[in-house]
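Chemist: only geometry, no sequence info:
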């Protein structure tokens, strides 16, 4: 285990991006404020498929009794969004989540505002981890089975946590920019994939207990061959 961690740390130093604490996405989090009468849980998830990024926004809003709140004004702000913000719409009013999407991954941080009459959760900011790129392995490459497989990625801003996964394993830990998949978790596969999910989250101070806003960007290499 020590050898794996050492390899990861060394590779991280070579990866494009910084892992220093002053580049941490969490340093830009802001819990915001509010009436403490709403349970607000927001998820911002993004990935790139065939060169096309897509970001989905989903926010659930409930009252103190656990009932879904309809008719709220739910807005996500980010300077890279068209007009600087996007309004989320409740797909099946008065129940269900408030949602929307954009065909990009906005740079920078995300702010969430939720208002329903005198009830509100506002100014909640989650630091964006940035749009990472996987350096290794390489798309459509062939790697050796049953040997250690180094995975490395860029860290535009250091995420709170990263999950590295293939069809055969999953690991969650610090966003070092690199991780080594051990030989025993790297069996032969004609069509393997690796995913790097980089995540940040902030608790919403102005909401009921459990209120939060999270952001995740998934980078992937699919496929490559292990033989």
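Modeler: On my side now, so go ahead. Just so we're clear, the structure is a prediction, and the values are computed from it rather than from any experiment. Numbering: from 1, shown residues only.
Chemist: flag the helix or strand of the chain with the lowest per-element mean pLDDT.
Modeler: helix 2-14 (a mean of 38; mean pLDDT, DSSP states H and E).
Chemist: just give the closest residue to residue 90, not the sequence neighbours.
Modeler: Spatially, and ignoring its direct neighbours in sequence, residue 90 is nearest to residue 98 (5.1 Å; C-beta to C-beta, 6 or more residues apart in numbering). All C-beta spots, glycine's among them, are computed from the backbone N, C-alpha and C.
Chemist: so who does that neighbour touch?
Modeler: 58-61, 72, 74, 88-90 (C-beta atoms under 8 Å, 6 or more residues apart in numbering).
Chemist: now which of those residues would you call buried?
Modeler: 58-61, 72, 74, 88, 90 (16 or more other C-beta atoms under 10 Å).
Chemist: look up how far residue 218 lies from the closest residue to residue 52 other than its chain neighbours.
Modeler: Nearest residue to residue 52, sequence neighbours excluded (C-beta to C-beta, 6+ apart): residue 103, at 6.7 Å. The gap separating residue 103 from residue 218 is 16 Å, by C-beta to C-beta, to the nearest Å.
Chemist: who's more crowded, the two?
Modeler: Using other C-beta atoms under 10 Å as the criterion, residue 103 and residue 218 rank with residue 218 on top: 17 against 8.
Chemist: partners of the more buried one in the sheet?
Modeler: residue 47, residue 197 (DSSP bridges).
Chemist: same deal with residue 224?
Modeler: Here residue 224, judged by DSSP bridges, has bridge partners residue 192.
Chemist: who's in contact with residue 212?
Modeler: So residue 212 contacts 40-42, 201-204 (C-beta under 8 Å, 6+ apart).
Chemist: using JSON lines, lay out these together with pLDDT, neighbour count and secondary structure.
Modeler: What follows is these, written out as JSON lines (pLDDT from 0 to 100; neighbours: other C-beta atoms under 10 Å; DSSP: H, G, I helix; E, B strand; the rest coil):
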{"residue": "40", "pLDDT": "98", "neighbour count": "30", "secondary structure": "strand"}
{"residue": "41", "pLDDT": "98", "neighbour count": "17", "secondary structure": "strand"}
{"residue": "42", "pLDDT": "98", "neighbour count": "28", "secondary structure": "strand"}
{"residue": "201", "pLDDT": "98", "neighbour count": "19", "secondary structure": "strand"}
{"residue": "202", "pLDDT": "98", "neighbour count": "26", "secondary structure": "strand"}
{"residue": "203", "pLDDT": "98", "neighbour count": "14", "secondary structure": "strand"}
{"residue": "204", "pLDDT": "98", "neighbour count": "29", "secondary structure": "coil"}
